[in-house]
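Colleague: Make a model of this:
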Amino acid sequence: MALSVAILALFYFFAVPMNFLTITSSGGTILYDAPVGGGESFILRFIHSVERTPIESEYRVVTGKIVHWEERFLSHNAGLPTEPPRNGRFIMAENWMILRGGGPSAGSFRYRVGNEELGRNLLFLPNGSEVLLYVDCKHDLLLFRAELSCLFEHYVIVLVDMAKN
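Modeller: Next up, the predicted model:
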C-alpha cells in the first residue's frame, strides 16, 4: 500500500499539469509563486486618480492563461467603462458596478505600481493574503505570469531562472 501511494505521488509530481501564478519584480525577485486551484482568483485594487474611488480587477488562472474575469467600480465617469465587453455582462450590485466575463486573457501582463498618493495599489492573493503593493513595491513594474505545467517542470524552470539572475 505504501509503495502504491509513493508511486502515485511521484506520478503526480512529474506528470499532472497544474496552473501556476508567478509574480516577479522588475529586478527579477519572485514575490509570489504557487499553484492556483480551479475557481481561485487574485484581485488588484487601486484608487482612481480622478474619481478617487476604488477599482478592483479580478483575475483567474485558467489553462496557463490569466483571464480578466471581473472589473468592479463605484461610478462610470472619467474613462471608466459604461458598457459590458463582448460576451460579458453589466451587473448593478448594492455596492459596486460590475463588468463580468468577456475580458482579455494572456499568458502574462505587466502592472505598474503607484505610491500612497497615486494608486494605493493592493493585491489580494489566492491564498487570502493582502499585499500593500504601494508600500512593498512602490513605483515598480511587476510581471504577472501564468503557466500550466507539472510541479517538477515548474520548479526546475524557477531554479534555472534564478541561476540566470
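
Colleague: Spatially central residue for the protein, please.
Modeller: Here the mean C-alpha position of the chain is nearest to the C-alpha of Phe42 (Cα atoms, centre = their mean), at a distance of 4.6 Å.

Colleague: Would you check how far apart it and Val156 are?
Modeller: Per Cβ to Cβ, to the nearest Å, Phe42 is found 24 Å from Val156. Yep, even glycine has a C-beta here, placed from its N, CA and C like the rest.

Colleague: what's the helix or strand where Trp69 lies packed up against?
Modeller: Applying DSSP states H and E as the criterion places Trp69 in strand 65-73. Counting contacts by 3 or more Cβ pairs under 8 Å, 6 or more residues apart in numbering; DSSP states H and E, strand 65-73 packs against strand 54-62, strand 97-100, strand 105-106, strand 141-149.

Colleague: from memory Asp140 sits against Ser26, does it?
Modeller: Yes: taking Cβ atoms under 8 Å as the definition, Asp140 is a contact partner of Ser26 at 5.4 Å.

Colleague: Which one's more surrounded, the two?
Modeller: A count of neighbours by other Cβ atoms under 10 Å puts Asp140 above the other of Asp140 and Ser26, at 20 against 14.
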